[in-house]
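**Student:** Predicted structure and sequence below. I'll ask about it afterward.
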Amino acid sequence: MRLEAILEGLERREPAALARAISLVENQRDGFERVLSHVHARLRRGGTRRIGITGPPGAGKSTLTERLIQQFRSQELRVGVVAVDPTSPFTGGALLGDRIRMEAASLDPNVFIRSMATRGARGGLATTTEEVTDLLEAFGFDRILLETVGVGQTELDVARTAETTVLVLVPESGDGIQTLKAGVMEIADVYVINKSDRPGADKLRQEIEVMLGIRHGNAFRHMAPHHAPPPRAPRPADGRTGGPADRGAPPSGRPPVRPSDVWDPPVIATVASRGDGVAELAQAVDRHYAYLEAGGLLAERRRQQLAQRTRAVLERAVQHWISEATRAEELLQRRLDDVADGRRSPYDVAAEILDQVKTGALG
Amino acid sequence: MPGPKRPIRVLIAKPGLDGHDRGAKVVAAALRDAGMEVIYTGLHQTPEMIAQAAIQEDVDVIGLSILSGAHMTLFPRIRKLVDAAGRSDILVTGGGIIPPDDMDSLERQGIGKLFGPGTPTTELIAYIEEWAAEHVSA
Ligand SMILES: Nc1nc2c(ncn2[C@@H]2O[C@H](COP(=O)(O)OP(=O)(O)O)[C@@H](O)[C@H]2O)c(=O)[nH]1
Ligand SMILES: [Mg+2]
């Protein structure tokens, strides 16, 4: 399919054209930046929300994703899904099996599911994934679910491109959460304890809450104080739950409004295989989005993301230019003997190459 | 700007009602080990589900495992649905217990080479790689 045909197909909202456009971006083939530039004008108009679902393998992320699809579909929202799984570093191949768990959505024309492998990720997987979600957004999806295995830095970066990041843990993770890779526990806006039908769910909840408490400087905030609590300000008359600091259970002795107004990540128990807790999870995700919006954080985040994107695209272009349009690699190869023999250092040679690139001598 | 060579993308699916997917899983793993990106969709897929998944995933190849005897309806049906979405460039191939006469007839209907049970996966890999070298633009 030629570029023009893809662009026309996107205008006509043909899924096949969307699929081709995604491949173009994923493979960074000729014209991919033109397609992205074309769709850019349609972004951030309709309030599309991106939700990252991350967590260890087997935690139930895909099962939960299917449930969220159903939840959003019941609200007549259109849903795009990107499911990322690792590429084997040895063969370059990948087995992408997330669709198996999303079968209920597989015939719905308002759901589009795409599996992606991490590949070598030239230019950064997070950037590519973000670009793919841009295509989905421009195509008209209201919610975009982004499933990644939360093990490596790359996958964490991917999850972070979403407005809301959901970390899915299971009771078996209990003993392990302290040992989870630094950064994994910190990124979540919403915590899910899936497979709550299994023993150990309560213990995991305690551990997460203690950890969150420590982060907020009060490890014991979830326990009732021994002394009589000060009289609480009355709740808003409409009884609405869902302030940024709301956690479902009434927090005894805690002021109803936190002065700092920071987001207090909720911990939600689910049984994805039965659908339990999914509505609650969807509400929590909505609350988080409302929190971002109300605090002006969404606009600020988007500015930062756009700056970051522009930087990434520039870096990618510079890298590409150096490798394809200059003879930097050739000079590097010529100097390699000197470096290997210790006559020159890599720093020295890199500086020489950069100098020559700048003066155009390698052009 | 052409990037590095991209992997061949293959959808492996098991249409129809027969019970197990051991064979399909073995094939999926073998193709992965050969460096392909394999989207595996599991058991009991209808032709509509398979076609929709193939379109969304923008695969080069659809590999079907059919042991139920329904190959004469399933292969052409999936071919037709994929063609209708404008993707007659996708190769539809697969395996199962398929008499040679049926293989010939299916080939005339735009289905690729078909493999009998017990065919070494290396044969299938070689077939897909050769086909892709000729038909898939880098
Ligand atoms: N007992 C139980 N099993 C679940 C639950 N959610 C998912 N599973 C099962 O856990 C396995 C892995 O689920 P999957 O969604 O593929 O996990 P992923 O690797 O995180 O995407 C599957 O066999 C699911 O059926 C749950 O809440 N309880
Ligand atoms: Mg999964």
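**Tutor:** Happy to help now that I have it. Ligands and ions are numbered 1, 2, ... in the order given.
**Student:** ok, so what distance separates residue B:95 from chain A?
**Tutor:** Using Cβ to the nearest Cβ, to the nearest Å, residue B:95 is found at 18 Å from chain A. Using the backbone N, CA and C atoms, a C-beta is placed for each residue, glycine as well.
**Student:** that's a strand at that residue, yeah?
**Tutor:** Yes - the assignment for residue B:95 by DSSP: H, G, I helix; E, B strand; the rest coil puts it in a strand.
**Student:** Spit out the contact partners of the residue nearest to it when sequence neighbours are not counted.
**Tutor:** The shortest distance from residue B:95 to any non-neighbouring residue, by Cβ to Cβ, 6 or more residues apart in numbering or on different chains, is to residue B:115 (3.8 Å). The contact partners of residue B:115, by Cβ atoms under 8 Å, 6 or more residues apart in numbering or on different chains, come to B:93-95, B:123-124, B:127.
**Student:** and the least confident of those?
**Tutor:** Across the set of the contacts of residue B:115, residue B:95 stands lowest in pLDDT, at 91.
**Student:** Give me the below-cutoff pLDDT ranges for chain B.
**Tutor:** B:1-4, B:138 (pLDDT under 70).
**Student:** what about 80?
**Tutor:** Residue ranges of chain B with pLDDT under 80: B:1-5, B:16-21, B:137-138.
**Student:** and the residue in it that ligand 2 sits nearest to, bridged to which residues?
**Tutor:** In chain B, the residue that lies nearest ligand 2 is residue B:40 (11.6 Å; Cβ to the ion). Following DSSP bridges, residue B:40 is listed with bridge partners residue B:12.
**Student:** mind putting the contacts of residue B:115 in CSV, neighbour count and distance to ligand 1 included?
**Tutor:** Listed next are those as CSV, based on neighbours: other Cβ atoms under 10 Å in any protein chain shown; distance: Cβ to the nearest ligand atom, whole Å:
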residue, neighbour count, distance to ligand 1
B:93, 20, 27
B:94, 28, 25
B:95, 24, 26
B:123, 12, 31
B:124, 21, 26
B:127, 17, 31
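**Student:** mind listing the strands in chain B by residue range?
**Tutor:** Using DSSP state E, the strands of chain B run over residues B:9-13, B:37-40, B:61-66, B:91-96, B:114-115.
**Student:** Ignore what I typed, I meant chain A.
**Tutor:** Using DSSP E, strands in chain A cover A:49-55, A:79-85, A:94-96, A:111-117, A:143-149, A:164-169, A:190-193, A:267-269.
**Student:** Could you dump these into JSON lines with distance to residue A:69, mean pLDDT and mean neighbour count added?
**Tutor:** What follows is the strands of chain A, written out as JSON lines (distance: least, Cβ to Cβ, whole Å; pLDDT from 0 to 100; neighbours: other Cβ atoms under 10 Å in any protein chain shown):
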{"stretch": "strand A:49-55", "distance to residue A:69": "11", "mean pLDDT": "93", "mean neighbour count": "26"}
{"stretch": "strand A:79-85", "distance to residue A:69": "5", "mean pLDDT": "95", "mean neighbour count": "25"}
{"stretch": "strand A:94-96", "distance to residue A:69": "17", "mean pLDDT": "96", "mean neighbour count": "24"}
{"stretch": "strand A:111-117", "distance to residue A:69": "6", "mean pLDDT": "96", "mean neighbour count": "25"}
{"stretch": "strand A:143-149", "distance to residue A:69": "7", "mean pLDDT": "93", "mean neighbour count": "27"}
{"stretch": "strand A:164-169", "distance to residue A:69": "14", "mean pLDDT": "93", "mean neighbour count": "27"}
{"stretch": "strand A:190-193", "distance to residue A:69": "16", "mean pLDDT": "95", "mean neighbour count": "25"}
{"stretch": "strand A:267-269", "distance to residue A:69": "17", "mean pLDDT": "96", "mean neighbour count": "22"}
